[in-house]
Each structure stands twice: as C-alpha cells, then as structure tokens.
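Enquirer: Model the structure of this input:
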Amino acid sequence: MLLLLLAALVGCQCSAFLQPQPLTSRIRSRYSCRRCTITITMGMEVKIRMVGRKGGGEKWLDAAYSTYETRLRSSNLSVTTQYHKNDVELIKGTEADESKNHKVVLLDPMGKMFTSEAFSDNVYNWLEEGGSRLTFVIGGAEGLPEDLKRGRSKISLGMMTFTHQFARVMLIEQIYRASEIRKGSGYHK
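Expert: Below you'll find the predicted structure:
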C-alpha cells in the first residue's frame, strides 16, 4: 500500500511493480520498476541544545563550528544549535524534542565513552530511533541539571573538563567524522 502511494506521489505508472533496491545508506530508499527508478532521500537533523548565548564564546570556536557545519551540508545531515538562558528552558526544550519522538543524548562526564567508529554507528542508530531527528544536550558551567539526567542516554567526550562552547565544537567535529566514516572517505584514518 505504501509503495502504491509512493508511486502515485512521484508519478510512476508502474506502481504495482515497485521493488526495494539496496543502498549503502539506511536513511535513503531506492525503488525501481520496469521503467523507472525512484530515490527518496530523507534529511537528517541533529540539534545541539545548550545553556548559554549565541556569540557568547570565543570567535575562533564559532569559526571552527562553522567550518564543520559547512562541511556537513553535502552529507544530507544538518546540525543546528539551540541556546537556552537557563536550565529550566533547557529541560523544557529537551522534553519538547522527546515529545516529538526525537532521540535525546546527553553529554555528561559520567556518560559512556566511544571510539569514533562506535560513535559513528551510534549516531546513525540514534537517528533511526528518532525518525532522523537527534538531539544532543550540553549543560552550562554547572553541568546538566539532575532532573535531566534521569533515564536518558549519556555519552562523554573524555575524562577531562571542557567549556560547553569547546564541547560543542568537539561534538560537531565528531558528527562530521561519523558521517565521513559512514561514507568511507579518507577523513578518518
């Protein structure tokens, strides 16, 4: 039934003969019939929620973040940052994402540490769990509120302490690296 609806939306006249075709990316789908091939690409969205204000960090950190944000555009993966004034707003925003079934992952020093390869696998698994929507949450100077920590997935960028602005840059670099690992490019050696 879904294939018939899909065929009608894209104008395939052979809708009864659409067959799924394998692709390397799990987020893309390709269907073919006797006369045509239909490729559907679903945009993936990653949101970084954090306490702070835009432009409140060092200029070089913003430049580094922008570099990876630009590089990610070609990978069908958009990354945005949502700033919150305080922990209360951070909790509300996170809960709003969860209510939309987005996968939420917290950055916490006590979270699980991953290799870049394992992080890449997890990012794409989390995107599948969240319907192509994933939210990472970074706490402010005081860390994450305790109310937010309960019952949610947590990861750690390492045992050292980083500013939340620097953690944001490290996170987007690892998201970019995850996309390059998935592509099989030479970026990750």
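
Enquirer: packing partners for the longest strand seen in the chain?
Expert: The longest strand of the chain (DSSP state E) is strand 103-112. The contact analysis (3 or more Cβ pairs under 8 Å, 6 or more residues apart in numbering; DSSP states H and E) places strand 103-112 against helix 87-99, helix 116-129, strand 133-138, helix 146-149, strand 153-155. To be clear about C-beta, it is placed using only N, CA and C from the backbone, and glycine gets the same treatment.

Enquirer: And those, which one averages the lowest pLDDT?
Expert: Lowest mean pLDDT of those: helix 146-149, a mean of 92.

Enquirer: can you pull the pLDDT of the residue nearest the centre of the chain?
Expert: Residue closest to the average C-alpha location in the chain (Cα atoms, centre = their mean): Val46, at 3.2 Å. Per-residue pLDDT puts Val46 at 97.

Enquirer: Tell me which helix or strand it sits in.
Expert: When elements are assigned from DSSP states H and E, Val46 belongs to strand 44-51.

Enquirer: Would you agree Gly131 is in contact with Asp97?
Expert: No - look at Gly131 against Asp97 with Cβ atoms under 8 Å: they stay out of range, at 11.3 Å.

Enquirer: Perfect, I'm done here.
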